[in-house]
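# turn this into a structure:
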Amino acid sequence: MTVSPLPRLRIRHASGFWCVALAFGILMGFGTLPTPLWPLYQARDHFGPMQVTIAFAVMVAGAAFSFGTLGHLSDRFGRRRTIAPALMVAIASALILAVWPDLPGLIVGRVLTGVAVGLMASSATAYLTDLYREAYPDRTGSGLPVLVSAVANLGGLALGPLLAGSVAQWLPAPLVTPYLLLAAIMAILLVLVLSSPETVDRKLRDEHRPNRFALAPNRTTLFGTAATVGFFAFALMGLFSSLGAIMVRGELGITSTFVVGLAPFTAFAASAVAQVLLGTVRQQRQLVIGIWIFPVGLAITAAALYHPALWLFLTGAALAGAGSGLLFKAAVALTAMAADPASRAGVLAVFFIIAYLGMGLPSIAFSIVIRYAPLAPTMIGFGAVLSLGAAGAVVTALRRRTGP
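A predicted model of the protein is given here:
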């Protein structure tokens, strides 16, 4: 008995959906892989929090460049044709970080990491949406692609610190082995992605070339609100990615690389879990829940710096991460609603530029301030700014009643 071409093609789209989701998550994990390793780099190269933040921020700069100049390409040339090069660049970055251990190699490798992240993040959400639509044409309007995309994004960001912390704690060459391991995994995923079907008709797109950035009618305010929420949600993640490990090691006095990696892992994992548990909740409700949990978690994190206790710090990270995840998921969904369908990847690229600027710029400002002011009160001020900014954006979204 033979299988007709249409069901067979749908099976390819369904399997491709999960292969792309896995590749998305692993590459995002590669972006945060060095998080628990920053104290090791700091001890080896004798630089302070500012230099650590800069080493983190060059990845953000690479991502912003990639989002702005390359992120729209999947709308024209195809999703797979964009995501496969993203994995290739990430593999090259991992090899550079493994074999060139000096600061210049770290900078070059992290810039390439950002380029790969930008290509992947702006294209993967659109690719997942396309693959799911082709695999399940009877499930029009399903929120699963957006949910899977958001969980892969933040779940991957959570995986990176945990994996690197575990490898550095129990395997030799802690500044080499994690990168080689991720390079091997991404090479396997590259083969799987290349076997997935393309969802963009290149000839049709050449005849009707989409705008890089085109919003649906009367959706400008919706996009602006979503981008602002994304900025403040990612600012929290930037703090834990760049300085979370240093806080645990320096303020709590913990030297275990595995435990140091738990802080960023907890924030990102809680973000992903919150999205799964509340993924079917309406977007307005997600925004409300997120904006209440977000400042509570930041306040507990700041309290842990006054009364050093790992459990307290991780509790704050989990609550703040969960709130950030709900805000981020709602922001991605609002951005997809605001985009013209033919320019979805281009609009998502602009959204991620703004979100990644939020991941980088506030953390740089934070690292500058703590050179001249104590860490704990600076954390309080930082938390207040993030909470008020996010609250303002959420209030605007709710007043406009932009969610479904």
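# going forward, measure contacts and count neighbours with C-alpha atoms only.
Noted.
# average pLDDT for stretch 218-229, rounded please.
On average, the pLDDT along stretch 218-229 is 85.
# please identify the buried residues of it?
Arg219, Leu222, Phe223, Gly224, Thr225, Ala226, Ala227, Thr228, Val229 (16 or more other Cα atoms under 10 Å).
# stretch 159-176 now?
Buried-residue list, stretch 159-176, by 16+ other Cα under 10 Å: 159-168, 174-176.
# likewise stretch 353-365?
Result for stretch 353-365 [16+ other Cα under 10 Å]: buried residues Ile353, Ile354, Ala355, Tyr356, Leu357, Gly358, Met359, Gly360, Leu361, Pro362, Ser363, Ile364.
# chain center to that stretch, what's the gap?
Relative to the centre of its chain, stretch 353-365 is centred 12 Å away, using Cα atoms, centre = their mean, to the nearest Å.
# contacts for that stretch?
With contacts defined as Cα atoms under 8 Å, 6 or more residues apart in numbering, stretch 353-365 is touched by 50, 53-54, 56-57, 60, 63-64, 67-68, 227-228, 230-239, 242.
# narrow those to those that are buried.
Judged by 16+ other Cα under 10 Å, buried ones among the contacts of stretch 353-365: 50, 53-54, 56-57, 60, 63-64, 67-68, 227-228, 230-239, 242.
# picking up where we left off before, pick out the most distant pair among the buried residues of stretch 218-229.
Arg219 and Val229 (15.6 Å; Cα to Cα).
# what sits against Ile83?
Applying Cα under 8 Å, 6+ apart, the residues near Ile83 are Leu119, Met120, Ser123, Ala124, Val193.
# and the last one, how close does it get to Ala263?
If I follow you right, that is Val193. 31 Å (Cα to Cα, to the nearest Å).
# before we move on, back to that, what is the nearest of the buried residues of stretch 159-176 to Tyr372?
Distances from Tyr372 to the buried residues of stretch 159-176, taken by Cα to Cα, are shortest for Pro161, at 28.5 Å.
# name the SS class of the nearest residue to Phe351 once chain neighbours are set aside, please.
Counting by Cα to Cα, 6 or more residues apart in numbering, Phe351 lies nearest to Ala227, which is 5.4 Å off, once chain neighbours are set aside. Classification of Ala227 by DSSP: H, G, I helix; E, B strand; the rest coil places it in helix.
# what's the neighbour count on Leu278?
15 (other Cα atoms under 10 Å).
# identify the residue nearest the residue nearest the centre of the chain in space, chain neighbours excluded?
Most central in the chain under Cα atoms, centre = their mean is Asn153, positioned 4.7 Å from the mean C-alpha point. Leaving aside its sequence neighbours, Asn153 sits nearest to Gly25 (Cα to Cα, 6+ apart; 5.5 Å).
# name all residues that make contact with the one you found.
Val151, Ala152, Asn153, Leu154, Gly155, Gly156, Leu157.
# which parts of the stretch 251-400 of the chain are helices?
Secondary structure of the stretch 251-400 of the chain (DSSP state H, counting those that start in this stretch): helices at 257-277, 283-306, 310-338, 344-369, 375-400.
# counting by contacts, list what the longest one packs against.
Here helix 310-338 touches helix 144-170, helix 220-242, helix 257-277, helix 283-306, helix 344-369, going by 3 or more Cα pairs under 8 Å, 6 or more residues apart in numbering; DSSP states H and E.
# got any ranges where the stretch 201-350 of the chain has weak pLDDT?
201-213, 342, 345 (pLDDT under 70).
# pull the CA atoms of stretch 248-265 into PDB?
Written as PDB, here are the backbone C-alpha positions of stretch 248-265 (Å, rounded to 0.1, in the frame of the first residue of the first chain):
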ATOM      1  CA  VAL A 248      26.000  34.500  42.400                       C
ATOM      2  CA  ARG A 249      29.800  34.100  42.500                       C
ATOM      3  CA  GLY A 250      30.700  37.500  43.900                       C
ATOM      4  CA  GLU A 251      27.800  38.400  46.100                       C
ATOM      5  CA  LEU A 252      26.700  35.000  47.300                       C
ATOM      6  CA  GLY A 253      30.200  33.500  47.500                       C
ATOM      7  CA  ILE A 254      29.400  30.400  45.400                       C
ATOM      8  CA  THR A 255      32.200  29.100  43.200                       C
ATOM      9  CA  SER A 256      30.600  26.000  41.700                       C
ATOM     10  CA  THR A 257      30.200  26.500  38.000                       C
ATOM     11  CA  PHE A 258      27.100  24.300  37.900                       C
ATOM     12  CA  VAL A 259      25.400  26.300  40.700                       C
ATOM     13  CA  VAL A 260      26.500  29.600  39.100                       C
ATOM     14  CA  GLY A 261      24.700  28.500  35.900                       C
ATOM     15  CA  LEU A 262      21.500  27.800  37.800                       C
ATOM     16  CA  ALA A 263      20.700  31.600  38.200                       C
ATOM     17  CA  PRO A 264      20.300  32.300  34.400                       C
ATOM     18  CA  PHE A 265      18.900  28.800  33.800                       C
END
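# next, give phi and psi for Leu215.
With angles defined as degrees, to the nearest 10, Leu215 sits at phi -100, psi 150.
# how many residues are close by it?
Leu215: 22 neighbours (other Cα under 10 Å).
# tell me what it is bridged to.
Ala339 (DSSP bridges).
# was I right about it contacting Leu334?
No: counting by Cα atoms under 8 Å, Leu215 stays clear of Leu334, with 11.6 Å between them.
# circling back to that earlier point, any chance of a markdown table for the buried residues of stretch 353-365, columns pLDDT and distance to Arg110?
A markdown table is the format used below for the buried residues of stretch 353-365 (pLDDT from 0 to 100; distance: Cα to Cα, whole Å):
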| residue | pLDDT | distance to Arg110 |
| --- | --- | --- |
| Ile353 | 84 | 17 |
| Ile354 | 90 | 19 |
| Ala355 | 88 | 18 |
| Tyr356 | 82 | 14 |
| Leu357 | 87 | 16 |
| Gly358 | 89 | 18 |
| Met359 | 84 | 15 |
| Gly360 | 82 | 13 |
| Leu361 | 85 | 16 |
| Pro362 | 87 | 19 |
| Ser363 | 83 | 16 |
| Ile364 | 83 | 16 |
